[in-house]
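**Student:** how does the following fold in three dimensions:
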Amino acid sequence: MTNIIKLTDSQLKLLTAAAEREDGAASVPEKMKAVAANKVAQALIERKLMREIRAKPGMPIWRRDDEARCFSLVIMRAGRKALEMQTASALEQKAPRQNGQKAESVLETPAPSDPEGSKEAASHPSANTSTKTCSARVTKKSKIIALLQRPEGASLEALIAATGWLPHTTRAALTGLRKSGYEIERRQEEGRGSIYRIVIPAASEAA
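**Tutor:** The predicted structure follows:
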């Protein structure tokens, strides 16, 4: 079993902020002081999860050296892997275990019950078996995809409200969708902040 790299909340925020951008460059997260951010960055650099590079046009500047040269802090492949593994581990740990039953993934929520449908199924035993076998399950991932597929897209706040996840977990989920083949655009709208929308679905979904 692959060892999971333990990350602090501050490290998760910084990695997630970088992974969300196409260029993989991080900026200082909101509500995090510059001194604290530099300490977090140094720890990630030492663990080879992030590295500094000369800043390119359009990239957020992380620091300037004594010669006024600009550097950006970018996430490395190992950093993306660590972020994915810790996010997946956190979701598994949140799944409740009761009476020794197998935990249900927090990514899945049972479809709401239909009293009328249950009565009808009871009157048709053969149909009842089929209903149990083919009952739909609404996952949090499918909720996010549905919101992102709307013409108007969805704000980060809307995605958080739909899933109950923390902001950095929600951003990590967006990163996961991108890695699985979804092309997600991000734009700024006055009054709504960052808006996300799927412009090209994953190949498996298109098929």
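
**Student:** for the residue nearest to the spatial centre of the chain, what are its contacts?
**Tutor:** A centroid search over the chain (CA atoms, centre = their mean) returns residue 173, at 1.8 Å, as the residue closest to the centre. Taking CB atoms under 8 Å, 6 or more residues apart in numbering, we find residue 173 in contact with 87, 141, 144, 159, 163, 165. Bear in mind the C-beta positions are built from the backbone N, C-alpha and C, glycine included.

**Student:** and the residues you listed, which two are the farthest apart?
**Tutor:** The most widely separated members of the contacts of residue 173, counting by CB to CB, are 87 and 159 (14.5 Å).

**Student:** show me the shaky parts of this protein.
**Tutor:** 1-4, 89-138, 204-207 (pLDDT under 70).

**Student:** show me the domain layout of it.
**Tutor:** Following automatic domain parsing, the chain resolves into domains at 9-86, 105-206.

**Student:** just these: most buried one?
**Tutor:** Neighbour counts (mean count of other CB atoms under 10 Å) averaged over each of these peak at domain 9-86, with a mean of 17.

**Student:** can you give me the end-to-end distance of it?
**Tutor:** 11 Å (CA to CA, to the nearest Å).

**Student:** what residues does stretch 65-80 touch?
**Tutor:** The contact list for stretch 65-80, computed with CB under 8 Å, 6+ apart, reads 14-15, 18-19, 23-26, 41, 44-45, 48-56, 59-64, 83, 175, 179.
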